[in-house]
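# prediction below, plus the sequence it came from.
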Amino acid sequence: MTGKRILSTLAHRLAILAYVAFALFPLYWLLKVSVTPNNLLYSEGIRMWPSQTSFEHFEFVLRHSEFPTFFKNSLIVSGSTAVIVTVLASLAGYAMSRFNFRGKYWIVTLMLLTQMFPLVMLVAPIFKMLSPLGLTNSLTGLVIVYTAFNVPFATFLMQSFFDGIPKDLEEAAMIDGATQFVAFRQIILPLTLPGIAATLGFVFTAAWSELLFSLMLISGNDAATFPVGLLSFVSKFSVDFGQMMAAGVMALIPACLFFLLIQRYLVQGLTAGAVKG
């Protein structure tokens, strides 16, 4: 039995290792191509690591392309969307969790229906709505669209966190003289920091990597985000793989840093409820 248990554990660990390697290999190849000089990109064939490395692609992307503008636009749009959606979802999720009001069922149904339509089907109507308002080719228009599509899911996500907090905490605070809003702000909200961090991370990542609406609503480079900017490295007759991969590596940095900043709260969410008493 001990031998079978060891073999089972070993097979389990190997399966996890194989999955992690499979998941990380594209990122490794992204980095490998980004540091491969142009003269070796096609001449060396398939190698696990180039015989020489160079940062010429990074230098070109930073100094001779419009990627810094795309990068800045993505930060503005993703950061603004994440903050706005999290605030709205926190308030809406709390209301859905704590209050019973007329029309609540239909509001939930409508929010679910918004998640059922293919995004491609909604591009034309949204463009027609935003165009008369001057919100096409605008970062503000992108923030509005991203907010509208992310609020329903983020609301359900925050509601699940509020449902896990006993109502007795609020009732005890209100008995001591606190208002509903004070109880929410001082007691409930700090307890949902893991949920807020998870919502921020989800919305930021969704807005950061979104391509369809950015491609359809933005027509100029001044307001383009980095997913659209990556297409600028694709010309009619060639693809600058080295520069595209270098831009992709730099585009990963904000998302990684963002998750490092909220990691502590995410870990709290994973371990919440593990110890009682």
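That came in fine, so what should we check first? What you are looking at is a predicted structure, and each value in this text was computed from that prediction instead of being measured.

# these two touch, right, Val182 and Ala173?
Yes - with contact defined as C-beta atoms under 8 Å, Val182 and Ala173 form a contacting pair (7.3 Å). In short, each C-beta sits where N, CA and C put it, glycine included.

# who has more neighbours, these two?
Ala173 (18 against 13; other C-beta atoms under 10 Å).

# show the average pLDDT along the strand or helix carrying the more buried one.
Element membership for Ala173 (DSSP states H and E) is helix 168-175. The predicted model gives helix 168-175 an average pLDDT of 82.

# and what of stretch 60-79?
Stretch 60-79 comes out at a mean pLDDT of 89.

# list the buried residues of that stretch.
60-61, 65, 67, 69-71, 73-74, 76-79 (16 or more other C-beta atoms under 10 Å).

# ok, the residue nearest in space to the middle of the chain - contacts?
For the chain, the residue nearest the mean C-alpha position is Thr205 (1.1 Å; C-alpha atoms, centre = their mean). Contact analysis of Thr205 by C-beta atoms under 8 Å, 6 or more residues apart in numbering lists Ala255.

# so it sits in a helix?
Yes - counting by DSSP: H, G, I helix; E, B strand; the rest coil, Thr205 falls inside a helix.

# per-residue confidence at it?
88.

# against Ala251, how distant is it?
Distance, Thr205 to Ala251, using C-beta to C-beta, to the nearest Å: 12 Å.

# how about Ile107?
Distance from Ile107 to Ala251, by C-beta to C-beta: 36 Å.

# comparing these two, which shows the higher neighbour count?
Ala251 (20 against 15).

# how close does that one sit to Lys128?
31 Å.

# cool, Phe99 as well?
In terms of C-beta to C-beta, Phe99 sits 36 Å off from Lys128.

# then Gly201?
In terms of C-beta to C-beta, Gly201 sits 33 Å off from Lys128.

# report all helices and strands that the strand or helix carrying Thr86 contacts.
Following DSSP H and E, one finds Thr86 within helix 67-98. If you count contacts as 3 or more C-beta pairs under 8 Å, 6 or more residues apart in numbering; DSSP states H and E, helix 67-98 packs onto helix 139-163, helix 193-209, helix 226-229, helix 241-271.

# circling back: now the buried residues of stretch 60-79 in a markdown table, with distance to Gly103?
Below are the buried residues of stretch 60-79 laid out as a markdown table (distance: C-beta to C-beta, whole Å):
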| residue | distance to Gly103 |
| --- | --- |
| Phe60 | 56 |
| Val61 | 51 |
| Ser65 | 51 |
| Phe67 | 47 |
| Thr69 | 44 |
| Phe70 | 42 |
| Phe71 | 43 |
| Asn73 | 38 |
| Ser74 | 37 |
| Ile76 | 35 |
| Val77 | 32 |
| Ser78 | 32 |
| Gly79 | 33 |
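
# which one of these is nearest Val145?
Val77 (9.8 Å; C-beta to C-beta).

# give me the pLDDT for the closest residue to that closest one other than its chain neighbours.
Nearest residue to Val77 in three dimensions, chain neighbours excluded: Leu142, at 5.0 Å (C-beta to C-beta, 6 or more residues apart in numbering). At Leu142, the model reports a pLDDT of 92.

# and Val239, its phi and psi?
phi -130, psi 120 (degrees, to the nearest 10).

# could you report the neighbour count for it?
Neighbour tally, Val239, other C-beta under 10 Å: 10.

# go on, Gln180?
14.

# could you do Pro166 as well?
9.

# sec struct for it, please.
Classified using three-state DSSP, Pro166 is coil.

# hang on, the earlier thing: between helix 168-175 and the helix holding Thr86, find me the angle.
80 degrees (axes from the mean of the first three to the mean of the last three C-alpha atoms, to 10 degrees).

# now do helix 67-98: distance to the chain's middle.
10 Å (C-alpha atoms, centre = their mean, to the nearest Å).

# again with stretch 53-60
28 Å.

# for stretch 203-211, same thing?
Worked out by C-alpha atoms, centre = their mean, stretch 203-211 lies 5 Å from the chain centre.

# got the buried residues for that stretch?
Val203, Phe204, Ala206, Ala207, Trp208, Glu210.

# try stretch 131-148
For stretch 131-148, by 16+ other C-beta under 10 Å, it's Leu135, Thr136, Asn137, Ser138, Leu139, Gly141, Leu142, Val143, Ile144, Val145, Tyr146, Thr147.

# understood, closing this out.
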